[in-house]
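*Asks:* model this:
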Amino acid sequence: MSDFVLKGSTKTPEINFSQESGLLELSGRSIPEISFEFYQPIIAWVDDYGKNPKEETEVHAKFEYFNTSSSKQILDIFKKLEQLHANGKSRVKVKWFIAEDDEAMEEAGEEYRMLLTMPFEIVPVAID
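*Replies:* Here you go, the predicted structure:
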């Protein structure tokens, strides 16, 4: 299985999912025209990863902004990873990075954290 790497754009996030290290990174903006179509290959990669995951999987999410339809797709990714965590196939943890003053992304992180049972940490970072 190869890594999933996608360069970000003004409407889509950068994706860097490493099979070898178990580090899954999403960053940037997510406002694709049709979010289901954009996220479908990413979710398929996570399904494949789940067949032979690393012992530890860490997700780094660093969103500047995402729309409502993207939030559903992001949750779908998290739910698939949560299944790996729940069945003991991989110890999964999420780090949700936010700009220190970004209340919207902090609230989004809090909502995801409430919906999920795997470790989920909200990490404020200073933006230059």
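*Asks:* regarding the protein, what is its longest strand?
*Replies:* Longest strand in the chain by number of residues (criterion: DSSP state E): strand 56-66.
*Asks:* contacts for whichever helix or strand comes after it?
*Replies:* Next helix or strand after strand 56-66 toward the C-terminus (DSSP states H and E): helix 68-86. Identification of contacts with helix 68-86 by Cβ atoms under 8 Å, 6 or more residues apart in numbering yields 24, 26, 30-32, 35-36, 38-39, 42-43, 46-47, 50, 53, 57, 59, 61, 66, 90-92, 94, 108, 112, 115-118. Heads up, the C-betas are built off the backbone N, CA and C, glycines and all.
*Asks:* switch the cut-off to 6 Å
*Replies:* With contact meaning Cβ atoms under 6 Å, 6 or more residues apart in numbering, helix 68-86 is reached by 30, 35, 39, 43, 46, 50, 53, 90, 92, 116, 118.
*Asks:* low-confidence regions, this protein specifically.
*Replies:* By pLDDT under 70, the low-scoring segments of the chain are 128.
*Asks:* which parts of it are strands?
*Replies:* Ranges of strands within the chain are 4-6, 14-17, 23-30, 56-66, 91-99, 120-125, based on DSSP E.
*Asks:* let's have those strands in CSV, adding mean neighbour count and distance to Lys72.
*Replies:* Listed next are those as CSV, based on neighbours: other Cβ atoms under 10 Å; distance: least, Cβ to Cβ, whole Å:
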stretch, mean neighbour count, distance to Lys72
strand 4-6, 15, 19
strand 14-17, 19, 17
strand 23-30, 19, 11
strand 56-66, 19, 10
strand 91-99, 19, 17
strand 120-125, 14, 17
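*Asks:* dump these into a markdown table; add distance to Leu75 as well.
*Replies:* Below are those laid out as a markdown table (distance: least, Cβ to Cβ, whole Å):
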| stretch | distance to Leu75 |
| --- | --- |
| strand 4-6 | 18 |
| strand 14-17 | 16 |
| strand 23-30 | 12 |
| strand 56-66 | 11 |
| strand 91-99 | 11 |
| strand 120-125 | 12 |
